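J.: Here is a sequence with its predicted model. Questions after.
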Amino acid sequence: MFGRILTAAGLIAFAAGASTASAQRSHFGFHGGYNTEMEHGALGVQMQFPISSAIEFYPSFDYYLVDGGTQLGWNGDIKFQAAGAPLYFGGGLNLLTGGGNSDAGFNLIGGLETRYGETHPYVEVRGLFHGDTSLQLLMGLNFTLH
């Protein structure tokens, strides 16, 4: 009897969590920006996958416009939406690769993103903390996936 109650309570909790997450939608987008340490521009893409109504998994990729080589950035962040405001903040892991070298570190992010309609413009500041600490300024568009 006690096992059935726990199973039912677990299923109800799972369903409540799933309905909250499914009310949110994933996003795909493009961005451009500038890295202050590299002193080069960057182009990239990102995805947003809802975990809850205020938390998203936020992977992204950056291609840096460097001379004479390729510099890439891979990010896996968690993004927290501020309640009732277009503000977000978060952080996660970062990997920079290029010229036969890899440098792993972490990110801290903050930004403003509108959430009206199907297209969401945003601006973001990203601190990259690893061998060479840098600040990255980004702007882009996110598109709601159905």
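T.: Received it, and whenever you're ready, just let me know what you need. All values derive from a computational prediction rather than experimental measurement.
J.: Helices along the chain, start to end?
T.: 2-23 (DSSP state H).
J.: Tally up the residues packed near Ala42, please.
T.: Per other CB atoms under 10 Å, the neighbour tally for Ala42 reads 23. Quick note: C-beta positions are derived from backbone N, CA and C, even for glycine.
J.: If it is in a bridge, with which residues?
T.: Assessed by DSSP bridges, Ala42 has beta-bridge partners Gly33, Tyr64.
J.: Who are the contact partners of it?
T.: His31, Gly32, Gly33, Tyr34, Asn35, Asp62, Tyr63, Tyr64, Leu65, Gly73, Gln136, Leu138 (CB atoms under 8 Å, 6 or more residues apart in numbering).
J.: Tabulate these (TSV), appending neighbour count.
T.: Below are the contacts of Ala42 laid out as TSV (neighbours: other CB atoms under 10 Å):
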residue	neighbour count
His31	21
Gly32	14
Gly33	19
Tyr34	16
Asn35	24
Asp62	25
Tyr63	14
Tyr64	21
Leu65	13
Gly73	23
Gln136	25
Leu138	21
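J.: partners of the most centrally placed residue in the chain in the sheet?
T.: Central residue of the chain (CA atoms, centre = their mean): Tyr58, 2.5 Å from the mean position. Beta-bridge partners recorded for Tyr58 (DSSP bridges): Asp77.
J.: and the gap between it and Met47?
T.: 7 Å (CB to CB, to the nearest Å).
J.: Nearest spatial neighbour of Val125, chain-adjacent residues omitted?
T.: Nearest non-adjacent residue to Val125, counting by CB to CB, 6 or more residues apart in numbering: Gly110, 5.4 Å away.
J.: give me the low-pLDDT residue ranges for this structure?
T.: Scanning the chain for pLDDT under 70 picks out 1-23.
J.: all strands of it, in order?
T.: Taking DSSP state E, the strands of the chain run over residues 27-35, 40-50, 55-64, 71-81, 87-98, 101-113, 119-129, 134-144.
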